[in-house]
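Chemist: I'd like to go over a predicted model; first the sequence, then the structure.
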Amino acid sequence: MRIFEDIKSIKGIGEKTAGYLNKLGVFSVEDLLNYYPRSYVKYEEPTAVSCDCCGMLKAYRLFVLDDFKWKKAGKLSIGTGYVSDGTNRIMLTFFNVPYYKGRLTKGATYIFRGKMISENGRYKMEQPQIYTDKEYNDLCVGLWPVYRLTKGLSNKVVSRSVERCAYENDYISLFKEYLPDDAIKRFGLCSRQDAVIGIHFPKDEDHLSSCRKRLSFDELITFLTMIRSFSQRSEAEKSSYVMIETALVPRVLEMLPFELTDDQKNALKDIFNDLTGEYVMNRLIQGDVGSGKTIIAFLAMLLCADNGFQAAMMAPTELLAVMHFNNLKKLIEQTGIGIGIALLTGQTSSSDRKIIYKGLSEGTISIIIGTQALFQDKVSYSKLALVITDEQHRFGVRQRQALSLKSDSPHILAMSATPIPRTLSIVLYRDMSLSVIKNKPSSRLPIKNCVVDTSYRKKAYEFIASEIKNGHQAYVICPLVERSEGLENVENVIDYTEKLKEAMDPDIRIEYIHGKMKDNVKNQIMENFANGNTDVLVSTTVIEVGIDVANATVILIENAERFGLAQLHQLRGRIGRGNAQSYSIFIDSSGNKKENRRLNILNSSNDGFKIAEEDLKIRGAGDVFGIRQSGYIPFDIADIYEDHEMIIEIGDYLDEVYSKDPEMNDPELAGIVEHTRDNMHKFIDFKTI
Ligand code: ADP
Ligand code: MG
């Protein structure tokens, strides 16, 4: 069942509001109900005025001492006055809320909720929210949703619309149960209807976790059932592209400035056994950031080309595709062997494109590297024998499949840095063989980490300057691209670059990069950095995946508190790629002890999975929406770390179900099949980043 009804059919949502919601990807009633809150607020009982609460968001019960005074300052209307709790006098200031005029009169009592500050012993508060006792009492029940918004759209409008949609329009009743009773019992799940609405308006934290569990289950069973339906390809399919080992690869290995690690050698052996064997390869290489997966992929492509076949490698971003292309091209040039290699991305000009299409269909191009442009309709290959996806967790299933459909059962090699335990890989990637690259090159020194507050910034800049003096380079990461209303304490790339230029020596060359820039501009900036023509690159998380500049030895991450640990781990993976000692500096602007403890986990381990587990222990169940891991598989709510036991259990359940009823004909199971069909669209489509 899908509910495609336009959101405009809901009372209170007109053209304008619908426009804002559309911007957030919410078009239908179903989208709205699935637009999960980013976090929740709990309205606490009013508290006594005291310095201990200064700077925190708190509610106070106070009465107005005298009518407020209102004046105009340009376009601004400002109201000031005093309120009291019987002992303390507090000055309040309001901006542009003329409708409060009638309320803020002598003797009136309200609950004021805001951040109190104390200046020279005087209490002050700006722009608190005002509630009557009854209004506030109603709020104190349950948790209230906080949604991701866009300019012009208020949280209240979203929550009110969800409420209307669920109760007044009764769309909730359309969310019928599709699971067999025994599954509901076995997994201890609440009803779907309860979960769909409860995720927006949970009664308490326990209720929230049970709603979350149910919705995660729904997502996971869809995903796992879908994978099964796709992986029906018999495990032992005969290969049409049987290769032989040639002299080229050993020659390239000789030329490399390093020796492969044992894990790399094993992975390469696995792959070569597959490629020279009788059956089609379907293999995943798992290896943490910086473990050296790329060279393995390159060698596989070279073997393929040397056997007279074609190989294609797909990267999730243009930046990464360009980088891989440049590196492999260099390597091929060094061998002195003529192997046709090309780059194909969304940026490739139409005249170049024509030449590349021709080269691919005629077979003069043996190796092609690119983005999803590689599998567009117009591209046809003459003998595509090997398809590689780098950072494969960034692609939807359809994208991965589309490329492999360009040929008759080509060999498939996927590479992922997702640090997940083997038990989980078996369920998630059940149809793939696995090679793990566990150990990093022995020449690498472990990264030195520190978690500091903003007062350390000056020292950090000095440290970066000294690294640059020694010939190294640095990254600085900011969460935002540009200044954003309501997020004044969050650093943005554009302003930060200016600040940094002022703070640092003028000979230090600083550039910035972010995802909103045109691809060709981004490539140029990245190239400058890779070639050592820039010293400091200020960036958003666009550099999070794959980028490899071995000379960069420092990464400074501003507002580290805003990132998931897995994401921070990926970010720090940008450094420590060469032999020099590297450093990551996490700036924690939260001023919060618990947050500091969370970030310090990064000091204790370099194992991505352990980090994620520790993160969860600290956060606790109530915090599940606090800071999410960067999503590896595009789940809206499920999380491969948090739900990893459930994933394994669902895998077992499906094994049992399928072994009893391989066609899923049982009417009890039809619901699961139908639910999968209705909901798998989000896993199939490309997840843009
Ligand atoms: P990832 O696994 O994150 O994709 P890369 O393949 O980009 O990592 O490798 C990171 C860096 O390590 C690259 O600069 C690469 O040249 C280098 N590298 C790869 N293998 C080795 C090795 N065996 N010894 C030393 N350096 C290596
Ligand atoms: Mg990589």
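Modeler: Perfect, thanks for sending it. Ligands and ions are numbered 1, 2, ... in the order given.

Chemist: Okay, buried residues for stretch 483-492 please.
Modeler: 490-492 (16 or more other C-beta atoms under 10 Å). All C-beta spots, glycine's among them, are computed from the backbone N, C-alpha and C.

Chemist: just stretch 3-10 next, same as before
Modeler: Neighbour count says stretch 3-10 has 5, 7, 10 buried, by 16+ other C-beta under 10 Å.

Chemist: So is stretch 577-589 next to ligand 1?
Modeler: Yes - under the criterion of C-beta under 6 Å from any ligand atom, ligand 1 is reached by stretch 577-589 at residue 577.

Chemist: Distance of residue 69 relative to residue 83?
Modeler: Residue 69 sits 13 Å away from residue 83 when distances are taken as C-beta to C-beta, to the nearest Å.

Chemist: The two: which has the busier surroundings?
Modeler: Neighbours around residue 69 and residue 83, counted as other C-beta atoms under 10 Å, are more numerous at residue 83. The numbers are 26 against 10.

Chemist: how about the nearest residue to that one, chain neighbours excluded?
Modeler: residue 62 (4.1 Å; C-beta to C-beta, 6 or more residues apart in numbering).

Chemist: just residue 267 next, same as before
Modeler: residue 435 is the one closest to residue 267 (C-beta to C-beta, 6+ apart), at 4.0 Å.

Chemist: Could you look up the SS state of the one you found?
Modeler: strand (DSSP: H, G, I helix; E, B strand; the rest coil).

Chemist: Would you confirm that it contacts residue 270?
Modeler: Yes - applying C-beta atoms under 8 Å as the test, residue 435 and residue 270 come out as touching, 4.6 Å apart.

Chemist: list the residues that contact both of the two?
Modeler: residue 283 (C-beta atoms under 8 Å, 6 or more residues apart in numbering).

Chemist: When these two are compared, which one has more neighbours?
Modeler: Under the criterion of other C-beta under 10 Å, the comparison of residue 435 against residue 270 puts residue 435 first, with 23 against 18.

Chemist: Distance check, that one against ligand 1.
Modeler: 12 Å (C-beta to the nearest ligand atom, to the nearest Å).

Chemist: And the pLDDT at that residue?
Modeler: Turning to residue 435, the model gives it a pLDDT of 91.

Chemist: If it is in a bridge, with which residues?
Modeler: Assessed by DSSP bridges, residue 435 has beta-bridge partners residue 285.

Chemist: Enumerate every residue touching it.
Modeler: Contacts of residue 435 by C-beta under 8 Å, 6+ apart are 266-267, 270-271, 283-286.

Chemist: do residue 195 as well
Modeler: Residue 195 neighbours (C-beta under 8 Å, 6+ apart): 210-212, 214-215, 218.

Chemist: Out of those, which one has the weakest pLDDT?
Modeler: At the low end of pLDDT for the contacts of residue 195 is residue 212, which has 92.

Chemist: which element is that residue on?
Modeler: helix 205-230 (DSSP states H and E).

Chemist: Please point out which parts of that helix sit buried.
Modeler: For helix 205-230, by 16+ other C-beta under 10 Å, it's 205, 207-228.

Chemist: Note down every partner strand of the longest strand along the chain and its orientation.
Modeler: Counting residues, the longest strand found in the chain (DSSP state E) is strand 109-119. Using DSSP bridges, strand 109-119 pairs in its sheet with strand 57-64 (antiparallel), strand 122-126 (antiparallel), strand 129-131 (antiparallel).

Chemist: what sits up against it?
Modeler: By C-beta under 8 Å, 6+ apart, the list of residues contacting strand 109-119 reads 43, 46, 49, 51, 53-64, 83, 90, 92, 103, 123-133, 135-136.

Chemist: Quick check: the residue of the stretch 301-450 of the chain nearest ligand 1.
Modeler: Proximity of the stretch 301-450 of the chain to ligand 1 (C-beta to the nearest ligand atom) peaks at residue 441, 3.3 Å away.
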